[in-house]
Structure formats: C-alpha cells, structure tokens
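> quick one, structure for this:
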Amino acid sequence: MPAASGTPPIAVVILAAGQGRRMNSLLPKVLQPLAGKPLLGHVLDCARQLFPAAIHVVHGHGGEAVKAAFGNDGDIDWVLQAEQRGTGHALMQAMPRIPDAHRVLVLYGDVPLVAVETLRRLVAAGGAEGLALLTAEVAEPHGYGRMMRDSGGRVVSIVEERDASDAQRAIREINTGLLAAPAAHLREWLLHLRADNAQREYYLTDVVGLAVERGIDVEAVAATSEAEIMGVNDKCQLADAEAALRHARARDLMIAGATLADPTRVDVRGDLSVGRDVYIDVNVVLLGRITLGDRVTIGPNCILRDATIGADTQVYANSLIEEAMVGEDCRVGPFARLRPGANLHPRVHVGNFVEVKNTEIGEASKANHLSYLGDATIGRGVNVGAGTITCNYDGINKWPTQIGDRAFIGSGSMLVAPVAIGPGATIGAGSTITAGAPADKLTLTRAKQVTIDAWTRPGRYAAEAKAAKVEDAMCAPGRPKPEN
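A predicted model of the protein is given here:
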C-alpha cells in the first residue's frame with residue numbers, strides 16, 4: 001500500500017554500478033542469475049513492495065546491458081555514475097533527482113535477499129528526521145565495516161575494515177550498507193564527505209559520524225538473519241545465496257502444506273502457489289508462475305515452467321511441462337513433454353515419450369506412448385495409439401488436426417494436416433491419413449504386403465566373406481591390409 005498519510009514519501013536508491021571483477025564474467029555483476037532472475041531483479045521486486053515514490057538505479061560498469069535487461073520496467077530512473085569513486089559518490093549522483101521532503105532508502109544491487117519486512121522496519125526507524133542503519137551480528141565479519149558504539153551503546157561511527165585497527169576488526173556487529181535517512185540531511189552530509197582513506201573513495205558510511213556531530217539520532221536496525229544481508233561478489237557467494245534462497249523457499253512451501261521428499265533438492269525459481277497435500281519429489285525445478293492444486297504429485301527430475309496443474313493430477317518422473325494447463329485427475333509421464341499451448345482437460349492420460357504442443361485434449365482422452373500431437377484439437381474419450389504423429393508442418397506453415405469424440409487412432413498412424421477425424425471414427429494401425437475420416441467408420445491405408453520366397457538371410461560366414469571382398473577393394477596396390 002502507498003505511504004500512510006503524514007509519513008514522508010520513500011525514494012529508493014539502488015547502487016548497482018560495481019564492475020564485479022571477482023565474478024570473472026563478461027556479465028555485469030548485478031545481472032548474474034539467482035534462482036533464474038538477475039540479482040538486481042530481486043532487489044527491485046523487494047523495493048516495489050514498499051510502493052516508493054521513485055526508484056533510482058545508479059549504474060556504471062556494463063550500464064547499457066543492465067538498462068537493456070530491465071528496459072520494459074518503466075518505473076526505474078536510471079542514474080549514471082561515470083566514474084566509480086565509492087558508495088558516497090554513487091549516492092551523490094542520484095540526490096539531485098530527489099526532493100528534500102522524501103525519505104531515502106539506500107539498497108545495493110548485489111544484496112538480493114533482504115526481506116521487505118526488514119526494509120519496512122528500517123524505513124520506519126529514526127522517525128522523520130533520524131538516520132537508520134541495517135546492522136547484523138555475524139560469525140565472520142571479514143570484509144564488512146564495523147559498528148562503533150560509545151559507552152552508552154549509541155552508534156557513533158562505522159569503520160571500514162581497511163581502515164580498522166586490530167581491536168576494531170574483532171567487533172562482530174557489522175554495517176550492511178543499507179540505510180534510510182531524510183533527503184535534506186543526506187544532501188548536506190554528502191557535501192562534507194572526504195576521500196582521505198585507504199581507497200581514496202567517498203564512503204557513504206561516513207555520514208554516520210556527520211549525523212552524530214549534528215545531534216541527529218542514529219538507530220541501528222538488526223537484520224533477522226545473515227542470509228538476508230548477504231552480499232554477492234563472486235561465484236562462490238552466488239552459490240551461497242542460491243542455497244539460502246532455495247532453503248527459504250522450500251521452508252515456505254512446507255509451511256504452506258506441501259511435502260518435499262528432500263527440501264535441499266527442490267528449486268523454486270519463480271512464484272509458486274500450492275494447494276493442500278501437494279507432494280514434490282527430488283530434483284524438481286519450478287520456474288515462472290506455477291499453480292499446483294490439492295493433492296498434486298510431482299515425480300522426481302521434473303521441470304515445470306509457467307504451468308497450472310489441477311487437483312489430484314500426477315506428474316511422473318522426468319517430465320517437462322512449460323506454458324501448459326493440466327486439468328484435474330490427469331496422468332502425465334514419465335518422460336512426457338507438454339509444450340506451450342498444451343491444454344489437458346480432466347482425466348487425460350499423456351504417457352511416456354509423448355509430446356504435446358498447442359493442442360487441446362478433451363476429457364478422459366489418452367495418448368499413452370511415443371506420440372507427437374501438435375496444433376490439434378482432440379475430443380473427449382479419444383484413444384491415440386502408440387507412435388501416432390500429427391504431421392502439422394509443411395516446411396512453411398503449421399496446419400491443424402481435429403479428432404472428434406470417441407475416435408480411436410491405431411498405432412503408428414500419420415495424420416497429415418489439415419485433416420479432420422470424425423467422432424467415433426477408427427483409424428487402422430499404420431495408416432497415413434491425408435483426407436477426412438468419416439464418423440463411426442473404419443478408415444485405413446495399406447500397401448500391398450509381399451513375401452519373397454527365394455530370399456535367404458545371409459549367414460555369418462557369408463557376411464564375413466563379403467566384408468573381406470570390400471576390404472580388398474579398398475586397399476591400394478602394394479599396401480598391406482589393415483589389421484583387425
């Protein structure tokens with residue numbers, strides 16, 4: 001919901017200009033994929049849940065690629081940091097676009113797992129005039145700035161690790177970099193930053209000391225876990241973030257009522273909605289928007305993307321379902337593939353090595369073995385025999401196949417589209433159908449079967465003699481025969 005009446009509007013600034021040399025990748029750091037989405041995409045999704053007045057993304061290295069990746073997101077104000085001179089300098093680039101009346105929330109494009117509830121607490125801390133910092137107690141603080149407090153426990157400054165003494169480095173309370181402050185105060189503090197440090201950069205953390213000097217309240221807000229403040233700077237940390245996100249999403253699934261055979265081997269890389277008593281086996285990958293109805297079972301090694309699965313349906317092992325609708329009480333797989341546009345009505349069976357594309361299959365119809373059904377409309381109660389193919393593509397155009405209710409398609413049939421099979425029609429096994437098949441009739445095609453009485457199957461020695469003749473013919477004059 002929008003900001004409550006009387007509270008200042010929120011201006012989100014996401015710092016995303018870093019090069020990410022430690023990634024050893026041509027892809028900018030904030031575009032590295034986490035659960036199928038760029039790091040920056042996770043931060044943007046979280047920020048939008050605060051309903052800010054504006055989102056400013058400060059970009060630098062690989063900026064055009066970053067902008068292109070989010071080119072359709074019209075709510076982003078892109079701000080160029082042409083020269084990278086520290087986090088304080090990065091925020092300076094965005095401040096001219098932010099009114100004094102706004103409260104600024106600073107996020108980082110490579111800190112993707114922070115929870116929206118944590119950000120709400122951070123924005124609310126410090127009131128209308130105070131500075132709020134997100135901090136955390138961590139077991140291994142290496143690489144982070146340390147929180148400096150006075151004898152009364154009040155925050156007085158942050159010391160970056162490069163500039164810290166041995167005693168200061170022993171402190172385990174770290175600064176995450178995320179902060180919220182009034183725009184008018186931030187603007188004034190940024191003007192007084194100095195680059196007299198080991199890196200010769202303008203540290204945003206120095207605003208803490210400036211706030212203390214001016215008598216501004218500084219509130220420390222504790223993160224709920226180390227995972228949510230995890231920064232991603234190399235591929236090892238990217239894998240750690242992937243594991244943390246996978247664990248969190250698996251936990252959410254189980255709390256929602258799903259049973260997971262092994263929570264460490266389920267990947268949720270999108271938005272998943274589950275009904276009651278859903279069962280998900282190992283090595284399942286769920287992408288995009290997925291809806292699983294009550295009592296759905298997903299077998300091992302399945303991949304689902306942008307799919308809806310109706311109640312009581314079973315998806316057996318090693319099946320791939322993408323951009324498809326599956327009705328209630330269906331059976332899919334094992335080794336089935338439902339491609340975009342597949343629409344299975346209730347009680348449909350699609351079995352092993354059956355591929356369905358842009359096809360609607362009516363209630364209680366079955367295609368249990370080794371078939372391709374593309375650009376087809378199949379009625380109710382149809383049986384599609386093993387090895388049946390709808391020949392829908394002529395090299396240029398795709399053509400439709402229509403199969404009426406209760407039709408029986410014999411094994412090994414080729415249905416050459418455009419073609420219509422009438423209700424109750426039977427197609428004899430091995431037929432190639434190029435014209436319409438009438439309702440309730442048997443239609444088949446047969447070539448004349450021939451038996452050659454004089455033919456004899458070659459024996460072993462006859463085959464070896466023939467092979468020797470071929471070898472002799474291939475050898476150049478004077479050259480030895482190749483050894484076996």
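
> check contacts around residue 355.
By CB atoms under 8 Å, 6 or more residues apart in numbering, the contact list for residue 355 reads 336-337, 339, 371-374. Yep, even glycine has a C-beta here, placed from its N, CA and C like the rest.

> okay, and which of those residues map to helices?
Using DSSP state H, no member of these sits in helices.

> looking at these, which one is closest to residue 439?
Residue 439 has its nearest neighbour among the contacts of residue 355 in residue 373, at 20.3 Å by CB to CB.

> show me what stretch 80-92 is in contact with.
Outside stretch 80-92, the residues that touch it by CB under 8 Å, 6+ apart are 13, 15, 17-19, 58-61, 63, 93, 106, 177, 186, 190, 193, 195, 199-207.

> what about 6 Å?
Here stretch 80-92 makes contact (CB atoms under 6 Å, 6 or more residues apart in numbering) with 15, 17, 58, 60, 93, 190, 193, 201-204.

> could those residues go into TSV alongside distance to residue 408 and neighbour count?
Shown next, in TSV, are the contacts of stretch 80-92 (distance: CB to CB, whole Å; neighbours: other CB atoms under 10 Å):
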residue	distance to residue 408	neighbour count
15	65	27
17	65	27
58	65	26
60	65	20
93	70	20
190	77	18
193	80	21
201	76	18
202	77	19
203	76	21
204	72	25
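
> against which helices or strands is the lengthiest helix in the chain packed?
As assigned by DSSP H, the longest helix anywhere in the chain is helix 235-255. Judged by 3 or more CB pairs under 6 Å, 6 or more residues apart in numbering; DSSP states H and E, the packing partners of helix 235-255 are strand 266-274.

> would you mark the buried spots in the strand it packs on?
Of all the residues in strand 266-274, those buried under the rule 16 or more other CB atoms under 10 Å are 266-270, 272, 274.

> please work out the average pLDDT along that strand.
The pLDDT scores in strand 266-274 average 94.

> closest one to residue 453 out of the contacts of residue 355, please.
For the contacts of residue 355, the nearest to residue 453 is residue 371 (36.5 Å; CB to CB).

> what sits against residue 11?
Residue 11 makes contact with 53-54, 98, 102, 104, according to CB under 6 Å, 6+ apart.

> ok, and what's touching stretch 289-309?
Applying CB under 6 Å, 6+ apart, the contact partners of stretch 289-309 are 270-288, 310-326.

> what secondary structure does residue 445 sit in?
What DSSP: H, G, I helix; E, B strand; the rest coil gives for residue 445 is coil.

> isn't there a helix covering residue 89?
Yes - under three-state DSSP, residue 89 sits within a helix.

> ok, back up a step: turn the contacts of residue 11 into JSON lines, columns for secondary structure, distance to residue 211 and pLDDT.
Listed next are the contacts of residue 11 as JSON lines, based on DSSP: H, G, I helix; E, B strand; the rest coil; distance: CB to CB, whole Å; pLDDT from 0 to 100:
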{"residue": "53", "secondary structure": "coil", "distance to residue 211": "23", "pLDDT": "97"}
{"residue": "54", "secondary structure": "strand", "distance to residue 211": "23", "pLDDT": "97"}
{"residue": "98", "secondary structure": "coil", "distance to residue 211": "18", "pLDDT": "97"}
{"residue": "102", "secondary structure": "coil", "distance to residue 211": "17", "pLDDT": "96"}
{"residue": "104", "secondary structure": "strand", "distance to residue 211": "13", "pLDDT": "97"}
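
> alright, calling it a day.
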